[in-house]
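Student: no sequence on hand, only this structure:
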């Protein structure tokens with residue numbers, strides 16, 4: 001999933017690139033179980049893939065909040081978000097419909113190309129999830145899901161839209177806490193206590209599923225605004241990891257523990273010193289591409305190879321192609337698109353002369369916006 005860099009980080013000064021890449025790989029690992037008809041592992045009441053997506057949302061909220069605080073301009077903010085999320089997604093949809101679909105569909109190619117359902121798949125470019133292509137993966141365990149990972153993108157983008165609205169409010173530091181608390185309460189109520197039998201669907205997305213992820217984005221934003229890096233201690237985080245398992249006995253307590261633990265441990269690991277995984281940053285940021293292509297690669301493996309009830313085989317055969325495609329997406333599509341990202345408007349000459357050493361006038365560091 002698309003991310004910013006930390007507000008005060010340059011290359012190889014933190015572990016965030018490594019965390020994002022590992023989270024994308026864990027999403028593939030977690031999906032390997034349902035895609036092969038197996039039961040997968042989890043922690044704190046969530047499957048591995050769900051936990052990995054929550055980690056993505058924490059980092060996204062933290063870093064994108066930092067991007068807004070450095071340059072609180074709505075048009076530049078939204079252009080950065082669009083350049084980060086849409087170019088890779090557009091290319092994915094083109095390849096899925098024009099290459100994977102044509103080669104794999106069980107329908108005659110002429111019928112496949114003539115079907116409105118084929119072209120409706122491009123609604124994913126508008127962040128309206130559409131998982132079906134005629135005759136594609138029809139014999140798989142998940143026959144109706146060409147790329148099930150795309151459901152998180154409209155949720156992520158909704159957070160992009162909501163965050164500036166909250167940060168433009170008076171007393172924004174307290175407003176972001178209020179938003180976190182409100183979303184956390186709604187999430188626990190509708191996903192753990194009283195989950196509706198028929199979830200409300202908005203813009204093709206289950207509101208219940210969206211509420212499971214939304215608090216983690218604002219948890220990241222709260223940490224960005226309220227918690228100095230010196231309080232993000234990996235040793236304390238690891239101790240919490242052990243302790244919460246002793247008390248998280250019910251779905252309610254497990255989700256509360258997850259809301260407390262996941263943001264702290266994620267950010268503590270991100271800023272752990274020394275940043276032993278910081279070298280990953282020099283390879284760029286393929287995590288979004290890995291996330292985009294992972295599910296598709298897994299469905300292709302499930303289509304061609306006998307991996308039913310063999311989740312580890314599905315994972316092993318899918319993860320390398322997904323990483324390779326993620327790297328290509330970053331190098332050929334995402335990174336060039338980010339060269340169009342707008343910088344902050346230069347200060348007026350008088351202000352520059354008086355304030356050229358002020359921290360707020362430092363060059364923006366969010367080159368992965």
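Tutor: Thanks, I have it. Everything quoted here is computed from the prediction, not taken from an experiment. Numbering: from 1, shown residues only.
Student: and the gap between residue 50 and residue 56?
Tutor: If you measure residue 50 against residue 56 using CB to CB, to the nearest Å, the figure is 11 Å. C-betas here are computed from N, CA, C, even on glycine.
Student: which one of the two has more residues nearby?
Tutor: Between residue 50 and residue 56, residue 56 has the larger neighbour count (other CB atoms under 10 Å), namely 27 against 18.
Student: what's the pLDDT at that one?
Tutor: The predicted local distance difference test score for residue 56 is 98.
Student: next: residue 344.
Tutor: As summarised for this prediction, residue 344 has a pLDDT of 71.
Student: next, the contact list for it, please.
Tutor: Residues counted as contacts of residue 344 (CB atoms under 8 Å, 6 or more residues apart in numbering) are 70, 71, 73, 76, 364.
Student: among the residues you listed, which lie within strands?
Tutor: Taking DSSP state E as the definition of strands, those contribute nothing to them.
Student: among the residues you listed, which ones are in helices?
Tutor: Applying DSSP state H to the contacts of residue 344, the entries found in helices are 70, 76.
Student: okay if I get the contacts of residue 344 as JSON lines plus neighbour count, distance to residue 32 and pLDDT?
Tutor: Conversion of those to JSON lines gives the following (neighbours: other CB atoms under 10 Å; distance: CB to CB, whole Å; pLDDT from 0 to 100):
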{"residue": "70", "neighbour count": "19", "distance to residue 32": "39", "pLDDT": "95"}
{"residue": "71", "neighbour count": "17", "distance to residue 32": "40", "pLDDT": "95"}
{"residue": "73", "neighbour count": "14", "distance to residue 32": "42", "pLDDT": "95"}
{"residue": "76", "neighbour count": "19", "distance to residue 32": "40", "pLDDT": "96"}
{"residue": "364", "neighbour count": "19", "distance to residue 32": "38", "pLDDT": "32"}
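Student: and which of the contacts of residue 344 is nearest residue 235?
Tutor: Each of the contacts of residue 344 was checked against residue 235 using CB to CB; the closest is residue 70, at 30.0 Å.
Student: look up how far residue 177 lies from that closest one.
Tutor: Using CB to CB, we find residue 70 at a distance of 21 Å from residue 177.
Student: what segments of the stretch 201-350 of the chain are strands?
Tutor: With strands called from DSSP state E, counting those that start in this stretch, the stretch 201-350 of the chain shows them at 201-202, 205-206.
Student: what strands line up against the first one, and which way round?
Tutor: Okay, so that is strand 201-202. When sheet partners are counted by DSSP bridges, strand 201-202 sits next to strand 205-206 (antiparallel).
Student: let me see the mean pLDDT of the partner strand.
Tutor: Averaged across strand 205-206, pLDDT comes to 94.
Student: and what of stretch 310-321?
Tutor: This predicted structure assigns stretch 310-321 an average pLDDT of 97.
Student: give me the contacts around it.
Tutor: The set of residues external to stretch 310-321 that reach it, using CB under 8 Å, 6+ apart, is 25, 28-29, 32-33, 35-36, 38, 40, 293-294, 297-298, 300-302, 305, 307.
Student: excluding chain neighbours, what is closest to residue 172?
Tutor: Closest residue in space to residue 172, ignoring its immediate chain neighbours: residue 166 at 6.7 Å, by CB to CB, 6 or more residues apart in numbering.
Student: for residue 224, list the residues it contacts.
Tutor: Residues touching residue 224, when contacts are defined by CB under 8 Å, 6+ apart, comprise 7, 61, 62, 63, 65, 66, 69.
Student: does the fourth one sit in a helix or strand, and which one?
Tutor: Read it as residue 63. Here residue 63 sits within helix 48-70, counting by DSSP states H and E.
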